[in-house]
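Participant: here is the input, now give the coordinates:
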Amino acid sequence: MKTLYVVRHAKSSWDFPDLPDVDRPLVEKGINKTKKIIKQLNEKNVKLDLLISSHAKRAHETAKLIAAGIFFPVERIEISRNIYQVDEDKIFNLLFSLNDEVDSVMIVGHNPALTQFANIFLDEKIDLLPTSGVISLEFKTDKWTDIPKASCKTNFVLFPKMLD
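Facilitator: Residues are numbered from 1 along each chain as shown. Predicted coordinates:
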């Protein structure tokens, strides 16, 4: 079995128009919503072998919050440039490159790629993976390269608005 957690970064700031997009920080509202999500992840007993984050500041900050909250070593977060401003094919390529010893991975990144990727596997499609949203998918396979053809089950879809 392979378990994948698809996570969109927390709400970030648009208050600095001269700041490059990749450097936008999180806002307090985003941090607070992510903390609510973390509580749910702990209730669902989420355990990771690997956490991969986009190199964008808002995604990396989100990944660090989640890692600390679910007791995954923050220093073991892997940073990838193959999650920022990409399409779902790049997400597949990232997963295909994983060692098959990794059974549970979380990817923290951006829309529209994450929504498009998740919708390939979701029975109930979503219009948008919201900020701080998490989708957990379980694949009946031992190889990451086989996930496109493997049987897939949605473990859960968790959006902050579900917790308000």
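Participant: which helix of this structure spans the most residues?
Facilitator: Counting by DSSP state H, the longest helix found in the chain is helix 28-43.
Participant: contact partners of it?
Facilitator: Defining contact as CB atoms under 8 Å, 6 or more residues apart in numbering, one finds that helix 28-43 is touched by 9-12, 26, 58, 62, 65-66, 69-70, 131-134, 158, 160, 163. No exception for glycine: its C-beta is placed from N, CA and C like everyone else's.
Participant: what's the closest non-adjacent residue to V6?
Facilitator: Leaving aside its sequence neighbours, V6 sits nearest to I135 (CB to CB, 6 or more residues apart in numbering; 4.5 Å).
Participant: checking the one you found next. Helix, strand or coil?
Facilitator: strand (DSSP: H, G, I helix; E, B strand; the rest coil).
Participant: show me the contacts of helix 28-43 that map onto helices.
Facilitator: Judged by DSSP H, the subset of these located in helices is R58, T62, L65, I66, G69.
Participant: pick the one among the residues you listed closest to T154.
Facilitator: Each of the ones in helices among the contacts of helix 28-43 was checked against T154 using CB to CB; the closest is I66, at 19.4 Å.
Participant: that closest one and H110, how far apart?
Facilitator: 15 Å (CB to CB, to the nearest Å).
Participant: quick one: contacts for F139?
Facilitator: Shown in contact with F139 (CB under 8 Å, 6+ apart): M1, K2, T3, L4, D146, I147, A150, S151, C152.
Participant: could I get the residues you listed as JSON lines with pLDDT and distance to S80?
Facilitator: Below are the contacts of F139 laid out as JSON lines (pLDDT from 0 to 100; distance: CB to CB, whole Å):
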{"residue": "M1", "pLDDT": "97", "distance to S80": "23"}
{"residue": "K2", "pLDDT": "98", "distance to S80": "18"}
{"residue": "T3", "pLDDT": "98", "distance to S80": "19"}
{"residue": "L4", "pLDDT": "98", "distance to S80": "14"}
{"residue": "D146", "pLDDT": "98", "distance to S80": "21"}
{"residue": "I147", "pLDDT": "97", "distance to S80": "17"}
{"residue": "A150", "pLDDT": "97", "distance to S80": "23"}
{"residue": "S151", "pLDDT": "97", "distance to S80": "27"}
{"residue": "C152", "pLDDT": "97", "distance to S80": "22"}
